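A.B. asks: Sequence first, predicted coordinates after that:
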Amino acid sequence: MYNCMTDEPYKLLVCGDKKTELKVSLEDYDDLSKYNWWYNTKTRDVSRYYKYINKKRTRISLRRYLMNVHGKKGVAITHANGDNLDYRRTNLILTNNMLYEGIHFDNKTYTWSVKIIHH
C-alpha cells in the first residue's frame with residue numbers, strides 16, 4: 001500500500017471538457033475511462049450522470065464512486081494532500097460528516113463549517 005505523500009503510480013484521466021486531467025490509480029483507470037467525467041469548478045468535484053430515476057438523470061461523484069458510498073448519508077470524502085484533481089485511492093479519506101458536535105462537512109460545497117452557540 002502506498003502513502004498518498006509518496007509516488008504511487010497513476011495515469012491521467014482526461015475529463016469531458018478535454019482540459020481537466022485527473023490523477024487516478026492504475027487499477028481504476030480502465031473502469032473510469034469508460035465514462036465521461038466532468039469537473040465542476042464551483043464545487044471542485046468531479047461527477048458523471050449515471051442513471052435515470054423517474055425519468056430524471058442523477059449524478060454520482062467520482063470520489064463516492066471510487067469509495068463505493070454513493071447515496072450514503074453522513075459520509076464525507078476528502079483529499080489527503082488537498083489536491084482536488086488527485087483521485088488516487090491512497091489520497092481519498094473517508095470521514096464522518098460530523099466529526100465533533102458543531103463541526104459539519106457540507107457535501108454541496110465540500111467545505112467544513114463550525115456552529116458556535118452561546119448560552
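C.D. replies: Received the coordinates, thanks.
A.B. asks: quick one, helices of this structure?
C.D. replies: Counting by DSSP state H, the chain has helices at residues 26-32, 62-67.
A.B. asks: lowest-confidence stretch among those?
C.D. replies: Sorting the helices of the chain by mean pLDDT places helix 62-67 lowest, at a mean of 89.
A.B. asks: Which secondary structure elements does it sit against?
C.D. replies: Judged by 3 or more Cβ pairs under 8 Å, 6 or more residues apart in numbering; DSSP states H and E, helix 62-67 is in contact with strand 45-53, strand 75-79, strand 86-87, strand 92-96. All C-beta atoms are positioned from the backbone trio N, CA, C, and that covers glycine.
A.B. asks: Between those, which one is closest to residue 13.
C.D. replies: When the helices and strands packed on helix 62-67 are compared by Cβ to Cβ, strand 86-87 sits nearest residue 13, at 7.7 Å.
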